[in-house]
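> Test case, fold it:
(one chain, ligands or ions: 1)
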Amino acid sequence: MILNASGSLDALEAPEVARALDVFVTKTVTPQRREGNRPVRIAETEAGMLNSIGLENPGIDGLLDDKLPRLAELGVPLWVSVGGFAANDYAQLCAALDDRREVTAIELNLSCPNVEEAPESAAELVAAARPQTGKPLFAKLSPAATDLPATARAVQNAGADGLSLVNTIRGLALDDKTLQPRLGHELGGYSGPALKPIALAAVYQCYRATGLPIVGMGGIATGRDALDFLAAGASSIALGTVLFADPEAPGRVRRELADELAARGLSGAEDATGLAHGVKPASVA
Ligand SMILES: Cc1cc2nc3c(=O)[nH]c(=O)nc-3n(C[C@H](O)[C@H](O)[C@H](O)COP(=O)(O)O)c2cc1C
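Alright, predicted model coming up:
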């Protein structure tokens, strides 16, 4: 499956791009509406992009009343990404989404580098969300965790059905002339090609640690990148930064991946998942 990475595509502005995906993932929604951080909020750097959007979103009511019905008209399965500043926010958001038939899964954004984080651990946030919904929960983790496999096991034990790996990692870019931070928020989340080896390591380690389904993302721009993520242990992949430069990436990456699989005699993405590990872990069916 090919998804978009949360926050990297406005499906209502570019419906044809969203329709080329297997799943559309919304930008992270919070309980209250948020304006986001002050501009400048995006800066290109040598090998990736810095953003400090700061979770600008219409709030859960704005999503449910206005955006969700319009997104459902796209005819693409929808995942909603939720985020907050305390465990109760995650619980409240999952409860509000539980009876919405348009939503096939919920992604818990446990790791936004551009806003203050909830004081609870990732596992505590998942534990708060879990009883509120029967929908599949994907825990989106930061690659900056000190012991990412341990965090992945903890969120699995707390009830996560899958992992989304990875979110951006904190970065800084300075202006050539003034040597001042280029982003209004100063620090931002770093994404794009430079993130790929970091993300691959996260997928590789968390696949071993949990055997959970993983949506792999971080610098994927080609079918070969996608194949690497599958081999490391992802069962799906998501496209983020590449969509800014190439809106046709979903179709192109899909074709390139099919060619990569065929060239290796693999009949589908399922056959590629985990190949980098030689023998699949016993926990993986
Ligand atoms: C402009 C922008 C906005 C983003 N907003 C969100 C967000 O709202 N929620 C989230 O979980 N991740 C967000 N991300 C992170 C992406 O979903 C993804 O994890 C990250 O960019 C790595 O993938 P990439 O290198 O393919 O972009 C955002 C990334 C970018 C570039």
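> Report the contact partners of the residue of the stretch 151-285 of the chain at minimum distance from the ligand.
For the stretch 151-285 of the chain, the residue closest to the ligand is residue 240, as judged by CB to the nearest ligand atom, at 2.4 Å. Glycine gets a C-beta too; all of them are placed from N, C-alpha and C. Residues in contact with residue 240 (CB atoms under 8 Å, 6 or more residues apart in numbering) are 4-5, 7-8, 191-192, 217-218, 220.
> How about it: what's its closest non-neighbour residue?
residue 5 (3.1 Å; CB to CB, 6 or more residues apart in numbering).
> again, but for residue 15
Nearest residue to residue 15 in three dimensions, chain neighbours excluded: residue 74, at 5.7 Å (CB to CB, 6+ apart).
> quick check: longest strand of this protein.
Ranked by residue count, the top strand of the chain under DSSP state E comes out as strand 103-109.
> Okay, now the sheet partners of it, with direction.
strand 78-82 (parallel), strand 137-141 (parallel) (DSSP bridges).
> Whichever helix or strand comes after the last one packs against which elements?
Under the assignment DSSP states H and E, the closest C-terminal helix or strand after strand 137-141 is helix 148-157. Contacts defined by 3 or more CB pairs under 8 Å, 6 or more residues apart in numbering; DSSP states H and E place helix 148-157 against helix 122-129, strand 137-141, helix 196-210.
> right, so the ones you listed: which one is the most enclosed?
strand 137-141 (a mean of 26; mean count of other CB atoms under 10 Å).
> any idea of the angle it forms with helix 122-129?
Computed with axes from the mean of the first three to the mean of the last three CA atoms, to 10 degrees, the direction of strand 137-141 lies at 150 degrees from that of helix 122-129.
> okay, the angle between strand 137-141 and helix 196-210?
Using the same axes, to 10 degrees, the inter-axis angle of strand 137-141 relative to helix 196-210 is 130 degrees.
> circling back to that earlier point, kindly provide the distance from the residue of the stretch 151-285 of the chain closest to the ligand to residue 208.
The gap separating residue 240 from residue 208 is 24 Å, by CB to CB, to the nearest Å.
> Quick check: phi and psi on residue 35?
When read as degrees, to the nearest 10, the backbone of residue 35 gives phi -80, psi -20.
> With the one 4 residues further on instead?
Listed backbone geometry of residue 39 is phi -70, psi 160, with angles given as degrees, to the nearest 10.
> contacting residues for the closest residue to it other than its chain neighbours?
Among residues not flanking residue 39 along the chain, residue 184 sits closest, at 5.2 Å (CB to CB, 6+ apart). Counting by CB under 8 Å, 6+ apart, residue 184 makes contact with 37-41, 52.
> In CSV: those residues, plus pLDDT and distance to residue 17.
CSV is the format used below for these (pLDDT from 0 to 100; distance: CB to CB, whole Å):
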residue, pLDDT, distance to residue 17
37, 92, 25
38, 94, 28
39, 94, 24
40, 96, 24
41, 96, 21
52, 95, 23
